[in-house]
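Engineer: Predicted model, plus sequence, below.
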Number of protein chains: 2
Amino acid sequence: MRKLPIANEERRASSAYEALRDLIVRGNLAPGVRLVEQDVAARLGISRTPAREAIQRLNQDGFLTALNSGPRTLFTVRPLTMDDMLDLYSIMASLEGSAARRTSRLPIPQRLSLARRMREANDRFVSHARRKSPDRDRQFELHNAFHDQLVAAAASPRLRALIDSVRPHVERYEYVYAPIVGPNHDATFAEHSSIIRAVREGSGAVAEAATRSNWMNSGDRLERAMSLAGPRGFW
Amino acid sequence: MRKLPIANEERRASSAYEALRDLIVRGNLAPGVRLVEQDVAARLGISRTPAREAIQRLNQDGFLTALNSGPRTLFTVRPLTMDDMLDLYSIMASLEGSAARRTSRLPIPQRLSLARRMREANDRFVSHARRKSPDRDRQFELHNAFHDQLVAAAASPRLRALIDSVRPHVERYEYVYAPIVGPNHDATFAEHSSIIRAVREGSGAVAEAATRSNWMNSGDRLERAMSLAGPRGFW
DNA sequence: TATACAAAACTGGTATACAATACCTTGCAA
DNA sequence: TTGCAAGGTATTGTATACCAGTTTTGTATA
C-alpha cells in the first residue's frame, strides 16, 4: 500500500476514516490485517490522535474486530464469512423492504415520479451491463443508484441512516466476490422490474415482498460465488 | 448533577460513554444541553481524551446532534420529537419483526422452550404491573426481558447488534413519557400473548406480523402520551 | 440607547509526551 | 535441543500542551 494523501479540507480524523473504510470495502486492506495506530498515522501523514479516532469509528461501525489483550485492545480487519454475508443480506432485505413498503404512503405524483426514476436508473444499469467491456466500478455505482432512488424517496431519516450504515458492508462482499458471480445479471433485472411495478401500482406489501426477494436472492447468488471462492480472512 | 464516580476497572472512555448514555436515556441530561469536552472531563474526573472519545461515540450512536461552527463541531443532546419517536418504533417493528420471523427456523424443542420463557417473562411483567405500587425501573426491566428473550434466541448476530443499538433510543422515549401513558398495560399484555402464540405454533409470518403490530401500537400509545406532554428539547 | 469595533475568553482539533503491560527476544541451563 | 526466566520492545490508553477560529464581552461613539 502506498502512502495516501489526506484531503486537507475536512477534519483529519474523518478523512482517515473514509480512506481506511474505502480500503477495507475495496478489499485493499485484507481481512485479518491488524491496524496499528502509529502505522496508520504514519501512512496517512497525521498524528496518532485522529488515526486513533478513525480506528475507533471503524470498529464501532463493524469493520473491525476487537481483541482484548490485557488493558489494550487490538483491532484487525473483520473477516468475510458466508454466515455474515447471509446475515447482512437478510438485514438489507428487512430494512430496504421497510422502505419499499413506505412508498405506498407517498402522494401519488411523487410515487409515480419515483417509479419513473427507478425505471431510468435500472435502464442505465442494464444498458451498461450489456456493453462489451463494462467497467466494474461504474456497474457498482449504477446498481447502487437504483436502490438509492428507493431509499432516498421513501425511507424515514433513521431508516435511511441505518441503511447507509449497513450498505458499505454489503458492498464489501459484492466488491470482493462480484467478479466471480459473472455478468449474469438477468435475474437482477427482472427483480428490479418487479419492485418498480409494485411501487408504480402503489401496493406497499407487494413492494416490500419484491424488495425482500431481491435481496434474499442476491444473497443466494453471492452464496454460490463464495462457495466457489472460499472464505477470506482465515488461513 | 453531582459529580459522577467512574468505574476504574474499565477503560475510562467506555465508562464515560456508558455514564453519559445512561444520563441521556434516563432524561437526566436534557435534550438540547451542550456537551463540552472540558466540562465532561472535569465532571467525570478524567482528562479530555477519554471524554472526547465518549462524546464522539455518543454522536455516532445518534444520541447527539452535531453543529458545525467553523472548524469545530459542537454537540448537543438530541431532542425528542414525535416524528423521531414514530420513526424509531417503526424501525423496531421491522427489526424485531425480522427476528420473530426467524423463530420458525428454530428446531422445535428450542422454539417451544423459547415460547415458554417468553410466557414466563410476560407473566412476571404482568404480575409486577398489577402490584399496588409497581416500581418503574423494575417494570422497564421486565418489559425489556420479554423482548430480549425473543431477540437473544432468534436474531442473527448482526440483527442482534442492530437491535441493541436502537433499543436505548426507544428506552429514552419510554423513560421520559411512560409515566404519562399510565398503568394501562392491558393492550400490551394481549399483544405479547399473540406473539408468544405465534412463536409456539411456528408460523414465522404470523410471529412477524404480531411483533410488528406490537411495536406499531406501542408507538401509537406513546404518540398519544407525547401529544399530551408536548415535545422536549425545544423552547 | 444602539451600534461598531476591538480585545479577551472559550473550545474543539491535533500533536506529543508519559505510563503501563503484554508479548517477544535472548541468553542460560538442563 | 529445548525449557525457562529476565529484560527489552511494541503498542495502547491517558494526559497535556498548543493552535486557530468563534463567540462573547466590553468600550467608545453616534
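Structural biologist: Perfect, thanks for sending it.
Engineer: what element comes up after the helix or strand hosting A:Ser90 heading to the C-terminus?
Structural biologist: Assessed by DSSP states H and E, A:Ser90 sits inside helix A:82-102. Note on helix A:82-102: by DSSP H and E, the next helix or strand toward the C-terminus is helix A:108-129.
Engineer: what's the average pLDDT for the following helix or strand past that next one?
Structural biologist: Downstream of helix A:108-129, the first helix or strand assigned by DSSP H and E is helix A:136-154. Averaging the model's pLDDT scores along helix A:136-154 yields 94.
Engineer: From the contact counts, what lies against helix A:136-154?
Structural biologist: helix A:82-102, helix A:108-129, helix A:157-181, helix A:186-201 (3 or more Cβ pairs under 8 Å, 6 or more residues apart in numbering or on different chains; DSSP states H and E). All C-beta atoms are positioned from the backbone trio N, CA, C, and that covers glycine.
Engineer: Just give the number of residues close to whatever residue of chain A ends up closest to DNA strand C.
Structural biologist: Nearest to DNA strand C in chain A, going by Cβ to the nearest atom of the strand, is A:Gly70, at a distance of 2.0 Å. A:Gly70 is flanked by 5 other residues according to other Cβ atoms under 10 Å in any protein chain shown.
Engineer: How about A:Ala19?
Structural biologist: A:Ala19, neighbours per other Cβ under 10 Å, totals 18.
Engineer: Which positions in chain A make contact with chain B?
Structural biologist: Residues of chain A lying close to chain B by Cβ under 8 Å from any Cβ of the partner chain are A:11, A:53, A:56-57, A:60-62, A:71, A:84, A:87-88, A:90-91, A:94-95, A:97-98, A:156-159, A:161-162, A:166.
Engineer: Need the buried ones from those residues selected in ChimeraX.
Structural biologist: Here is the ChimeraX selection string for the buried members of the residues of chain A next to chain B, based on 16 or more other Cβ atoms under 10 Å in any protein chain shown:
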select /A:11,53,56,57,62,84,87,88,90,91,94,95,97,98,156,158,159,162,166
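Engineer: So which of the residues of chain A next to chain B would count as near DNA strand D as well?
Structural biologist: A:Pro71 (Cβ under 7 Å from any atom of the strand).
Engineer: how near is the residue of chain A closest to DNA strand C to B:Arg11?
Structural biologist: Separation of A:Gly70 from B:Arg11 (Cβ to Cβ, to the nearest Å) stands at 12 Å.
Engineer: Can you name the residues of chain A that neighbour DNA strand D?
Structural biologist: Going by Cβ under 7 Å from any atom of the strand, the residues of chain A near DNA strand D are A:35-38, A:48-49, A:52, A:71-75.
Engineer: make it 10 Å
Structural biologist: Residues of chain A lying near DNA strand D by Cβ under 10 Å from any atom of the strand: A:34-41, A:47-49, A:51-53, A:55-56, A:59, A:66-76.
Engineer: circling back: okay if I get the helices and strands packed on helix A:136-154 as CSV plus distance to B:Val181?
Structural biologist: Listed next are the helices and strands packed on helix A:136-154 as CSV, based on distance: least, Cβ to Cβ, whole Å:
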stretch, distance to B:Val181
helix A:82-102, 25
helix A:108-129, 34
helix A:157-181, 22
helix A:186-201, 36
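Engineer: Pick the most deeply packed of those.
Structural biologist: Mean neighbours per residue, mean count of other Cβ atoms under 10 Å in any protein chain shown, is largest over the helices and strands packed on helix A:136-154 for helix A:82-102, with a mean of 22.
Engineer: Determine the number of other residues adjacent to A:Asp137.
Structural biologist: A:Asp137, neighbours per other Cβ under 10 Å, totals 10.
Engineer: shared neighbours, A:Gly70 and B:Arg11?
Structural biologist: Common neighbours of A:Gly70 and B:Arg11, using Cβ atoms under 8 Å, 6 or more residues apart in numbering or on different chains, do not exist here.
Engineer: can you redo the helices and strands packed on helix A:136-154 as a markdown table with mean pLDDT?
Structural biologist: What follows is those, written out as a markdown table (pLDDT from 0 to 100):
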| stretch | mean pLDDT |
| --- | --- |
| helix A:82-102 | 98 |
| helix A:108-129 | 96 |
| helix A:157-181 | 93 |
| helix A:186-201 | 95 |
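Engineer: out of the ones you listed, nearest to B:Ser113?
Structural biologist: helix A:82-102 (22.9 Å; Cβ to Cβ).
Engineer: I'd like to check the angle between the closest one and helix B:82-102, please.
Structural biologist: Counting by axes from the mean of the first three to the mean of the last three Cα atoms, to 10 degrees, helix A:82-102 points 130 degrees away from the direction of helix B:82-102.
Engineer: between helix A:82-102 and helix A:186-201, how big is the angle?
Structural biologist: Interaxial angle of helix A:82-102 relative to helix A:186-201 (the same axes, to 10 degrees): 30 degrees.
Engineer: report the angle between the axes of helix A:82-102 and helix B:157-181?
Structural biologist: 40 degrees.
Engineer: just how off-centre is stretch A:175-184 within its chain?
Structural biologist: 15 Å (Cα atoms, centre = their mean, to the nearest Å).
Engineer: What of stretch A:198-207?
Structural biologist: For stretch A:198-207, the distance to the chain centre is 24 Å (Cα atoms, centre = their mean).
Engineer: Which strand or helix spans A:Leu222?
Structural biologist: helix A:204-229.
Engineer: who does that helix touch, helix- and strand-wise?
Structural biologist: helix A:82-102, helix A:157-181, helix A:186-201.
Engineer: I'd like to know which of those is closest to B:Leu80.
Structural biologist: That would be helix A:157-181 among those, by Cβ to Cβ, at 13.3 Å.
Engineer: Can you list the helices and strands that the closest one packs against?
Structural biologist: helix A:12-25, helix A:82-102, helix A:136-154, helix A:204-229, helix B:82-102, helix B:157-181.
Engineer: Check which residues of the third one are buried.
Structural biologist: Within helix A:136-154, the residues scored as buried using 16+ other Cβ under 10 Å are A:139, A:142-151, A:153-154.
Engineer: May I ask which two of these are separated the most?
Structural biologist: Farthest pair in the buried residues of helix A:136-154, by Cβ to Cβ: A:Gln139 and A:Ala154, 24.1 Å.
Engineer: A:Leu74: what secondary structure?
Structural biologist: strand (DSSP: H, G, I helix; E, B strand; the rest coil).
Engineer: my guess is it contacts A:Leu67, does it?
Structural biologist: Yes: look at A:Leu74 against A:Leu67 with Cβ atoms under 8 Å: they come within range, at 4.6 Å.
Engineer: For the residue located most distally from the centre of chain A, give me its contacts.
Structural biologist: Here chain A reaches farthest from its C-alpha mean at A:Gly70, the gap being 33.9 Å by Cα atoms, centre = their mean. Neighbouring residues of A:Gly70 by Cβ under 8 Å, 6+ apart: there are none.
Engineer: Check the gap between it and B:Val33 for me.
Structural biologist: 36 Å.
Engineer: Against A:Ser47, how distant is A:Val176?
Structural biologist: 32 Å.
Engineer: swap that for A:Ala161, sorry
Structural biologist: Taking Cβ to Cβ, one finds A:Ala161 at 30 Å from A:Ser47.
Engineer: And for A:Arg124?
Structural biologist: 43 Å.
Engineer: hang on, the earlier thing: using a markdown table, lay out the helices and strands packed on helix A:157-181 together with distance to B:Arg221.
Structural biologist: Converted to a markdown table, the helices and strands packed on helix A:157-181 look like this (distance: least, Cβ to Cβ, whole Å):
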| stretch | distance to B:Arg221 |
| --- | --- |
| helix A:12-25 | 39 |
| helix A:82-102 | 21 |
| helix A:136-154 | 25 |
| helix A:204-229 | 23 |
| helix B:82-102 | 10 |
| helix B:157-181 | 6 |
